[in-house]
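Visitor: return a 3D structure for these sequence lines:
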Amino acid sequence: MYYVQKRLEISSAHQLWLNYESKCETLHGHNWIIYVFCKAEQLDQNGMVVDFTHIKHLVHDRLDHQNLNQILDFNPTAENIAKYICDLVPNCYKVQVQESENNIAIYER
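Guide: Reported below is the predicted structural model:
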């Protein structure tokens with residue numbers, strides 16, 4: 001099995017829709033750190049699991065310097081963002097989304 005990991009830093013804003021009162025319901029920003037994990041039993045014709053630049057274009061170029069509420073059709077929690085990225089990137093099996101120093105969400109297939 002071949003594995004690759006890509007680290008991305010993204011600055012974006014969001015506000016959460018919650019069924020309880022929280023300061024996170026107000027628009028606010030994060031400097032997200034995202035780890036994308038991909039794997040494949042066979043390498044592609046270029047000798048890769050997935051091109052690192054392809055991951056960057058799919059994730060960073062789509063989410064960086066955005067209001068996530070305006071471009072995503074779901075409640076943009078760190079957990080939901082992790083699943084969204086995992087579904088977006090070919091051969092991805094795990095995504096870690098860190099929204100602040102001590103707050104990390106992980107989605108794994």
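
Visitor: span of stretch 8-21 from start to end?
Guide: Between the opening and closing residues of stretch 8-21 lies a distance of 31 Å (CA to CA, to the nearest Å).

Visitor: distance check, the residue of the chain most remote from its centre against residue 51.
Guide: Taking CA atoms, centre = their mean, the residue of the chain most remote from its mean C-alpha position is residue 45, at 26.2 Å. In this view, residue 45 and residue 51 are 12 Å apart by CB to CB, to the nearest Å. (Each C-beta comes from the backbone N, C-alpha and C, glycine too.)

Visitor: ok, now residue 90?
Guide: For residue 90, the distance to residue 51 equals 9 Å [CB to CB].

Visitor: please apply the same query to residue 101.
Guide: The gap separating residue 101 from residue 51 is 30 Å, by CB to CB.

Visitor: looking at these two, which one has more neighbours?
Guide: residue 51 (14 against 7; other CB atoms under 10 Å).

Visitor: thanks again, I'm all set now.
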